[in-house]
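sequence unknown, structure follows:
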């Protein structure tokens, strides 16, 4: 059973043992500890399935931002939208948009073909 951590003070976080530690600001928001790694996890249920999404690493993401993201995710669940599926759909659309971008390597190869392969 995950433990509850009321105040996420730096000294207390450093001493936490492995496992999930509930933060208490948003239902299902935990700090996952595995060895020296610490990351935030939001656990929720959608469509009868238990789901987990990671707002980010403890060192990279501010707790206030994690709490705000977790609250937004909970609002999506209440609106019958899976936040994890929404996140994956956004990532796929960004990747699809990026496919039309010409990289430096592609541009250099095109110039080489036009110039007959000669380097000026």
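Looks like it arrived, so ask away. This one's a predicted model, so the numbers in the text were calculated from it and none came from an experiment.

rest of the way, CA atoms for contacts and neighbours
Fine.

Let me know the pLDDT of residue 115.
Residue 115 carries a pLDDT value of 65.

Tell me where the chain has strands.
Ranges of strands within the chain are 3-4, 19-22, 29-34, 37-46, 49-57, based on DSSP state E.

Next, format those as JSON lines and append mean neighbour count, distance to residue 64 and mean pLDDT.
Formatted as JSON lines, the strands of the chain follow (neighbours: other C-alpha atoms under 10 Å; distance: least, C-alpha to C-alpha, whole Å; pLDDT from 0 to 100):
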{"stretch": "strand 3-4", "mean neighbour count": "13", "distance to residue 64": "18", "mean pLDDT": "52"}
{"stretch": "strand 19-22", "mean neighbour count": "21", "distance to residue 64": "15", "mean pLDDT": "88"}
{"stretch": "strand 29-34", "mean neighbour count": "22", "distance to residue 64": "12", "mean pLDDT": "90"}
{"stretch": "strand 37-46", "mean neighbour count": "18", "distance to residue 64": "12", "mean pLDDT": "90"}
{"stretch": "strand 49-57", "mean neighbour count": "14", "distance to residue 64": "11", "mean pLDDT": "87"}
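
is it possible to export those strands to a markdown table including distance to residue 114?
Shown next, in a markdown table, are those (distance: least, C-alpha to C-alpha, whole Å):
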| stretch | distance to residue 114 |
| --- | --- |
| strand 3-4 | 65 |
| strand 19-22 | 58 |
| strand 29-34 | 54 |
| strand 37-46 | 50 |
| strand 49-57 | 45 |
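
Which one of these lies nearest to residue 82?
Between residue 82 and the strands of the chain, the shortest gap by C-alpha to C-alpha is with strand 37-46, which sits at 6.5 Å.

and the angle from the closest one to strand 29-34?
Using axes from the mean of the first three to the mean of the last three C-alpha atoms, to 10 degrees, one finds that strand 37-46 and strand 29-34 are set 130 degrees apart in direction.

counting contacts, what elements does strand 37-46 pack onto?
strand 29-34, strand 49-57, helix 63-78 (3 or more C-alpha pairs under 8 Å, 6 or more residues apart in numbering; DSSP states H and E).
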